[in-house]
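# Pasted the sequence and its predicted model underneath.
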2 protein chains.
Amino acid sequence: MGLMAVDQTQLLSKMATGNGHGEASPYFDGWKAYDENPFHPTQNPNGVIQMGLAENQLTVDLVEDWILGNPEASICTPEGINDFRAIANFQDYHGLPEFRNAVAKFMARTRGNRVTFDPDRVVMSGGATGAHEVTAFCLADPGDAFLVPIPYYPGFDRDLRWRTGVQLVPVMCEGSNDFKLTREALEDAYEKAKEDNIRVKGLLITNPSNPLGTIMDRKTLRTVVSFINEKRIHLVCDEIYSATVFSQPSFVSIAEILEEETDIECDRNLIHIVYSLSKDMGFPGFRVGIIYSYNDAVVHCARKMSSFGLVSTQTQYLLASMLSDDEFVEKFLAESAKRLAQRYRVFTGGLANVGIKCLQSNAGLFVWMDLRHLLKKPTFESEMELWRVIIHEVKINVSPGSSFHCTEPGWFRVCHANMDDMAVQVALQRIRAFVLQNKEVMVSRNKPCWHSSKLRLSLGPRRFDDIMMSPHSPIPQSPLSYKDTLIPE
Amino acid sequence: MGLMAVDQTQLLSKMATGNGHGEASPYFDGWKAYDENPFHPTQNPNGVIQMGLAENQLTVDLVEDWILGNPEASICTPEGINDFRAIANFQDYHGLPEFRNAVAKFMARTRGNRVTFDPDRVVMSGGATGAHEVTAFCLADPGDAFLVPIPYYPGFDRDLRWRTGVQLVPVMCEGSNDFKLTREALEDAYEKAKEDNIRVKGLLITNPSNPLGTIMDRKTLRTVVSFINEKRIHLVCDEIYSATVFSQPSFVSIAEILEEETDIECDRNLIHIVYSLSKDMGFPGFRVGIIYSYNDAVVHCARKMSSFGLVSTQTQYLLASMLSDDEFVEKFLAESAKRLAQRYRVFTGGLANVGIKCLQSNAGLFVWMDLRHLLKKPTFESEMELWRVIIHEVKINVSPGSSFHCTEPGWFRVCHANMDDMAVQVALQRIRAFVLQNKEVMVSRNKPCWHSSKLRLSLGPRRFDDIMMSPHSPIPQSPLSYKDTLIPE
C-alpha cells in the first residue's frame, strides 16, 4: 500500500497547483486555445483547428440515413413507442439480449468474420474508460502493475490507475524500430518491475495503436501471447480502433491468434478484450464500452461491476437494431474504410509535399507526424516549444509525443477524421506556410527560427480541471489527495 | 488496510459458496421463483407476483404521450435527426448544459420550488448506484466508515463498500419508535465505531426511506445536521424517492434545511445529495444518477470520476427536453402523486381488511408490512420461514426485513407500483386467503400453522450470481476474493 501513500502526496501537490503536468501541459493549452478561438470556415476562418480529438465524423451521414429509414429502432417514435415502457424499466446488468447479440456479431464482422464472439461473454461498461477500469479492478490489487508499451493513450494513466491503485510500467518501443513491440523490451520491463518489487499482473496492448495508427502483425501478437503465458500474467487487448483499419495488411485480433495459432501455448483465461463503439462507429457520447473476456470468473465479476456504468437501455435498444442489420453494417464498414483511406492519403500526401513524413500506418483516426527535423534541439523542451508555436501561430491543436510518454522528442499525433475536407485543406495550407517560412530562415541560419515570445498563458485552475479529465484527456488526479482537507476544521 | 484483508478472506468464502447470505437468501430464492413462474393475468394466472421490485410504472403513459407529442426531443426522428451528429459525438463530462439545467429545475420542482439548485453543481453518474460509489470514493479512504440508519437499502452494501473499501456502521432505529432516527442512536453508533478504532467519515440517510416509505420530519433533519456538524463528518442524503411523496406532510429536502433553518450551524461543505430519475420518473434503464454537492472540491472530483459512468447523450438529450417542459412536469408530478396515493390506499386498505398493518407512510413505491403476529417465534429464522411460504405458497415475491438489516423480525417490504390494478387485486386476494386459512388453524392451535415441507430449493450458483448483483439487488461481492486464483498455475 506504499504506492497509495506516495500517490496521495504527489497528488496533493498537483491539486494545489491545479496542474499535474506543469504549466506547459499540451492538453491544457491546446484545448483552451481551441475552445477560445475555434475555427469556422466562414465565421472564424482564422480560428484554431482542432486536430487533437480522435473523433470519427466521416460516416455519420450513413448512420443518419439508417435511423430515418428504421424508425422502429427508436423507442421515441410512433413505430417504437410500444416498447418504451419495457425498455425504460429494463435494468438487468446483463443488458438487452439483442444488444449483446448484435455487439458480438459486429465484433466478429469487424474482424472479417474469421472469428466468432459469444454474446454471453459480452459485458457492458461506461465506454472504454469504464471498461479499462473494471478490467483493472477485476485483475489487480492496489500496488500491482500492468506493462504498457509506449507511446500509449494518456487516458490510461487515469482509467487504470486512479481509483484502483494499479501502476503502469512502460515497455520501451523505439522510433528506430518504427515503435514496434519486441520480446526484449517486454522482458526488460518485466525484469525492471521485479527489481523494483512491483508485482506485474498483466500486459496492456492497444491494437490498432493510439497514437501510432499502426496494427500489430501476427508475429508480434504471437510473441505477446508467448510472453504472457510464460510469465503467467494477463493480457488486456484494447481493440477499440479495430474497424478503422483502412488498407492492407488486415487487422489481426487477439481472438484470431487464440483460434488460429494453435501451435503456441495459450491459456485463454489470461485473455481479455476491451472494445467500444466510440471510435469505430463514432458514438463517443453514447458511452458504449465492452469487456470481452475468455475467463469465466472475469466475465462474472466484470458483469457485477458493470452496475456502476451500464449503457442506457434507450441506446442499447437503438444499437441492437442498427448493428444487427447486416446490409447496413457491411456498407458502413466498407464506406468507412474507403473514406478513412482517402483522408489519410490526402493528409499525408499534403504533408509529404512540404517534406513532413508520418509513421507508415493503416488504421486509426490520426497520423503520427515526424517533426524531429524542426526541433531546435532533440529535447522535450524543444518539442514543447514547437508545439506552442503550432497551437498559437499555425493555429492547429495537435498532441505532442510527450503526452503519450514517447521517449523520442519530435513526434506529434494529428487527428484528421473529425473534420470535413475543407478544414483539412485549410490545415494543410497553414502547415505548408509554416514549413516554407521556417525553411527560408533555416537556410540562412541553419536552424529552425520560430519564436514563441508572443505567447502568454494565464489559465485559471477551474478551466484546467474542466479540460484535463474529459473522457479524451490524459491526466489522472485522485480525490485521495484532498479528502482530509474537504472539511475545514 | 486491515479491513481489506478481512474482506478478502470473508469474500473468498462467499465466492466459494456462491452465496453471501447462505442458502436462504431471499433475493436468490425470490427472484428465481418469480423468473421461473411469473404471473400473467391470462397466460399464467397462478404464477408468482413480483412485489420485490421498486419500480414505478404508474405514470409511463404520461411519458409516452409526451414523447409522441414532442418528436424533436429525440435525435432519432425526422424532427431531431439534425442534432444526431453533435449529440452522438458529445463527450464532455459536464454533460449537455441543457440536461444539467433541466435536472436542476426538476429537482427544485420536486421540492415544491422552495429551494433552487445550481446546474453547475449537478454531476452525472451511472444511476444512483454510480452516484453513491463516486461519493464514497470522493469522501472516504479504504477502512473509513459511513453511519447508516437501519433498515436500509441492501444495495448500499455493494455500492458504497465493494470497490472503495469503505465500511457501513449501522445506526439503530427501533420499531417501537416507528423506526425514527434519534440523536441518541447516532451518538451510540458513532461512539461504538470510535471504540472499534473505525474512522467515521460521514452519515448516509435515505429520505424518503427505502424500505420504510416514510419521510424525515424537519426536527429529525435538524438533529442530523447538528450531529454531523458537531462531529465534522459528511452528510450524504439519498433523495431518490423525493417525487414519490403522495400525501401530507410534504417532503422536506436537506436543501430546505440549509436554506431555511438558519438558526442552526451548518457547514455546507459537508452536505451532498444523491438523486436519480429511476424512481421518480420510472426510468431505471436510462441510468441517470445525480450527485449534487455543496462542496466545490467534491463537485470537481465527482465530475472527473463521472467519466466512468456518464449518461448516454441520447438519453441526456431526450430528458433535457422533457424535464424542462414545465407544463408536462407539473402534470406528471401531480398525477403521479395522485396515482401513488390511490394505490397505497387500495393496497393498505386491502391488507387492513385481513388484519395486516403497515407502517404509516406517505412516500415510496412500497409499504413496510408488519407480519410479526404471523411469526411462529420472534426470530429471523421464523421470518425466513414465513417468507418462504409467502413466495412459494402465496406466490408473492416480497422482501423480508432482514435483507434491509432490520433488527426486529417480522417486517416485509412490499412493492406495489410496478403492476396494474388487477394484479394488485390478485395479490390481495391471495394474501386474504392465506391469512384466513392461517387464522382458522391459529384459533384451534393458537399459533401460525403454515408448513414449508413442500419447498425444495435447488439453485445453481450461476443463477444466483446473476440475480444478486443486479442493480436492485443487495449483496456485495469483491473481485479481490479471487484475483489470485484467476490464473491457474
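That came in fine, so what should we check first?

# All the helices of the stretch 101-250 of chain A, residue numbers only.
Counting by DSSP state H, counting those that start in this stretch, one finds helices in the stretch 101-250 of chain A at the ranges A:127-139, A:156-159, A:183-195, A:218-231.

# so which of those is the most packed in?
Of all the helices of the stretch 101-250 of chain A, helix A:127-139 has the most neighbours on average by mean count of other CB atoms under 10 Å in any protein chain shown, namely a mean of 29. C-betas here are computed from N, CA, C, even on glycine.

# domain assignment for chain A?
Per the TED database, the domain ranges recorded for chain A read A:22-60+A:331-440, A:75-325.

# Least confident of these, on average?
Mean pLDDT is lowest for domain A:22-60+A:331-440 out of the domains of chain A, coming in at a mean of 92.

# That domain near chain B anywhere?
Yes. Domain A:22-60+A:331-440 lies in contact with chain B when judged by CB under 8 Å from any CB of the partner chain; the contacting residues are A:55, A:57, A:60.

# Who wins on neighbours among those?
When neighbours are taken as other CB atoms under 10 Å in any protein chain shown, the top entry among the residues of domain A:22-60+A:331-440 next to chain B is residue A:55 (20 neighbours).

# and the residues of domain A:22-60+A:331-440 next to chain B as CSV, adding secondary structure?
As requested, the residues of domain A:22-60+A:331-440 next to chain B are exported to CSV (DSSP: H, G, I helix; E, B strand; the rest coil):
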residue, secondary structure
A:55, coil
A:57, coil
A:60, helix
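
# Strands of chain A, residue ranges please.
Listed in chain order, the strands of chain A (DSSP state E) span A:49-50, A:122-126, A:145-149, A:167-171, A:200-206, A:234-238, A:271-276, A:288-293, A:357-358, A:366-370, A:396-397, A:399-400, A:411-415.

# The third one and chain B in contact?
No. In this structure, strand A:145-149 remains apart from chain B according to CB under 8 Å from any CB; the gap is never smaller than 13.4 Å.

# between the domains of chain A, which one is nearest to residue B:372?
Comparing these against residue B:372 with CB to CB, the closest turns out to be domain A:75-325 (31.7 Å).

# now the end-to-end length of the closest one.
The distance separating the two terminal residues of domain A:75-325, taken as CA to CA, to the nearest Å, comes to 17 Å.

# ok so, going back, closest one to residue B:247 among the helices of the stretch 101-250 of chain A?
Taking CB to CB as the criterion, helix A:127-139 is the member of the helices of the stretch 101-250 of chain A that comes nearest to residue B:247, at 40.2 Å.

# List the contacts of residue A:273.
A:236, A:237, A:239, A:253, A:254, A:255, A:290, A:291, A:292, A:293 (CB atoms under 8 Å, 6 or more residues apart in numbering or on different chains).

# Would you mind extracting the C-alpha trace of stretch A:273-284 into PDB?
Extracted as PDB, the C-alpha positions of stretch A:273-284 are listed here (Å, rounded to 0.1, in the frame of the first residue of the first chain):
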ATOM      1  CA  ILE A 273     -10.500  -7.700 -25.000                       C
ATOM      2  CA  VAL A 274     -11.700  -4.100 -24.400                       C
ATOM      3  CA  TYR A 275     -13.900  -2.700 -27.100                       C
ATOM      4  CA  SER A 276     -16.100   0.300 -27.700                       C
ATOM      5  CA  LEU A 277     -18.300   1.900 -30.300                       C
ATOM      6  CA  SER A 278     -16.800   5.400 -29.700                       C
ATOM      7  CA  LYS A 279     -14.200   5.200 -32.500                       C
ATOM      8  CA  ASP A 280     -15.400   2.600 -34.900                       C
ATOM      9  CA  MET A 281     -18.900   3.900 -35.100                       C
ATOM     10  CA  GLY A 282     -18.300   7.500 -34.000                       C
ATOM     11  CA  PHE A 283     -20.600   7.400 -30.900                       C
ATOM     12  CA  PRO A 284     -18.500   8.600 -28.000                       C
END
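
# With distance to residue A:34 added, can I get the strands of chain A in TSV?
Listed next are the strands of chain A as TSV, based on distance: least, CB to CB, whole Å:
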stretch	distance to residue A:34
strand A:49-50	5
strand A:122-126	25
strand A:145-149	28
strand A:167-171	28
strand A:200-206	25
strand A:234-238	26
strand A:271-276	24
strand A:288-293	26
strand A:357-358	22
strand A:366-370	16
strand A:396-397	5
strand A:399-400	12
strand A:411-415	12
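
# Of the ones you listed, which is nearest residue A:342?
strand A:366-370 (13.8 Å).

# Walk me through which strands the closest one pairs with, and which way each runs.
When sheet partners are counted by DSSP bridges, strand A:366-370 sits next to strand A:357-358 (antiparallel), strand A:411-415 (antiparallel).

# Other residues contacting that strand?
Contacting residues not belonging to strand A:366-370 are listed as A:54, A:179, A:210-214, A:344, A:347-348, A:351, A:356-359, A:361, A:398, A:410-417 [CB under 8 Å, 6+ apart].

# what's around residue A:359, how many residues?
Counted with other CB under 10 Å, residue A:359 comes out at 18.

# Run a quick check on residue A:171 versus residue A:149, I expect a contact.
Yes. Under the contact definition of CB atoms under 8 Å, residue A:171 touches residue A:149, with a separation of 4.3 Å.

# Highest mean neighbour count out of the strands paired with strand A:366-370?
Mean neighbour counts were taken over the strands paired with strand A:366-370 using mean count of other CB under 10 Å, and the top value, a mean of 26, falls to strand A:411-415.

# Give me the contact list for it.
When contacts are taken as CB under 8 Å, 6+ apart, the neighbours of strand A:411-415 outside the stretch itself are A:50-55, A:151, A:175, A:210-211, A:347, A:359, A:365-372, A:387, A:390, A:396, A:398-401, A:403-404.

# can you do 6 Å?
For strand A:411-415, the external contacting residues (CB atoms under 6 Å, 6 or more residues apart in numbering or on different chains) are A:51, A:53-54, A:211, A:365-369, A:371, A:398-401.
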